[in-house]
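**Student:** sequence unknown, structure follows:
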């Protein structure tokens, strides 16, 4: 309120107008205070639900960035994750809950937790998305999300990817050229009950796989195809360190007041040392258990891991004997030296082993109890050609 020396005195009408303006201003200030508090709460919730330290898997180098939405849009539900799987394999996940605010952040946290739980069951990507879809419909029928889920095997460099309505990933080949991976799109999570499809490919050594959310490539002043083209231009070459490449990609985003939140996950493929993986094919013969024991002893002696020979030899012998007796076809044994020692025994039967209680007079039924007691972790999974039973042992 301003006055000049020659201004007329305020009358009652002026006072009423000033009081009305003050009341409206007070409401605006209060709304701004409440909005700021809600935004801080949503940001805190979202940052607590995102992974603090990403798991660095065998055979991959990982880098990531998360950029919150601008103030006028509000916090979104973008997330990413790197989940360890048996056999030194890994799952890469990127998702985007539609909408903004605390509700979207909370839904994101539920989906991320559910994805980690389903990953522990060692399901294929299409099955994980199918179950996530069912779960999201049970949580809230009004909330939908897009998601990209991939698994990677560092030994074979095989990658399986399934998509639920998400923007497609970009593959940067060793020469620097980029390729947009065309995937069966699938419906977003929370819509319908259609099964998801998956695409399988072998990633070249030194290639980069880029997962991201639509906030990185779509805005009001550009369509999604133009945004993906700009992203591919930024990733072309791929000679930068992954952290520098993340900074370069995020730094190219304009700070606009209506920018959506952004999640970016980059994974560079690293070739394993040939000395870290050994394989043995055994015939379906009871004497194969003895051959497996000799193979384990020789391999661990070469790796200078004699301290765990007895335990590993006993577990592998039990698994091979079970595969010969209860499985079918030839028996495969693979030993992988990574952060831990992983031993995998495969056969062509799809019947998974299970521990059972053996009676005091029974001569069998105690082998898996012994494996359970000796192993750091163990489990089994079905494959396209049968099943794999694996044990994991900590290195001395």
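**Tutor:** Good, I have the coordinates. Computed from a prediction, not measured in an experiment: that's the story for all the values here. Numbering: from 1, shown residues only.
**Student:** so what's residue 177 closest to, chain neighbours aside?
**Tutor:** Nearest residue to residue 177, sequence neighbours excluded (CB to CB, 6 or more residues apart in numbering): residue 236, at 6.9 Å. (C-beta placed from N, C-alpha, C; glycine too.)
**Student:** For the one you found, give me its contacts.
**Tutor:** 172, 176-178 (CB atoms under 8 Å, 6 or more residues apart in numbering).
**Student:** Let me know the pLDDT of it.
**Tutor:** pLDDT for residue 236: 88.
**Student:** And residue 76, by the same measure?
**Tutor:** Looking at residue 76, its pLDDT stands at 66.
**Student:** So which of the contacts of residue 236 is the closest to residue 367?
**Tutor:** Closest to residue 367 out of the contacts of residue 236 is residue 172 (46.5 Å), distances taken as CB to CB.
**Student:** isn't the closest one right up against residue 180?
**Tutor:** No - using CB atoms under 8 Å, residue 172 is not in contact with residue 180; the gap is 10.9 Å.
**Student:** the more surrounded of these two?
**Tutor:** Counted by other CB atoms under 10 Å, residue 172 and residue 180 do not tie: residue 172 has more neighbours, with 24 against 15.
**Student:** Spatially, which residue comes closest to residue 204, not counting chain neighbours?
**Tutor:** Spatial nearest neighbour of residue 204, chain neighbours left out: residue 174 (5.4 Å); criterion: CB to CB, 6+ apart.
**Student:** Tell me which helix or strand that neighbour sits in.
**Tutor:** Using DSSP states H and E, no element contains residue 174; it sits outside every helix and strand.
**Student:** Please apply the same query to residue 265.
**Tutor:** Using DSSP H and E, the element containing residue 265 is strand 262-269.
**Student:** any idea of the mean pLDDT for that strand?
**Tutor:** Per-residue scores along strand 262-269 average to 92.
**Student:** neighbours around the residue nearest to residue 204, how many?
**Tutor:** Residues lying near residue 174 (other CB under 10 Å) number 12.
**Student:** List the contacts of it.
**Tutor:** Per CB under 8 Å, 6+ apart, neighbours of residue 174: 204-207, 238.
**Student:** so which two of those are the farthest from each other?
**Tutor:** Farthest pair in the contacts of residue 174 (CB to CB) is 205 and 238. Separation: 12.6 Å.
**Student:** between these two, who's got more neighbours?
**Tutor:** Remark: of residue 205 and residue 238, residue 238 carries more neighbours, 21 against 12, as counted by other CB under 10 Å.
**Student:** any idea how far residue 9 is from residue 3?
**Tutor:** 9 Å (CB to CB, to the nearest Å).
**Student:** on that earlier part again, what does the model give the residue nearest to residue 204 for pLDDT?
**Tutor:** For residue 174, the model assigns a pLDDT of 90.
**Student:** Which stretches in the stretch 251-396 of the chain count as helices?
**Tutor:** Counting by DSSP state H, counting those that start in this stretch, one finds helices in the stretch 251-396 of the chain at the ranges 288-302, 309-326, 367-374.
**Student:** Let's verify residue 87: helix, strand, or coil?
**Tutor:** Three-state call for residue 87 (DSSP: H, G, I helix; E, B strand; the rest coil): helix.
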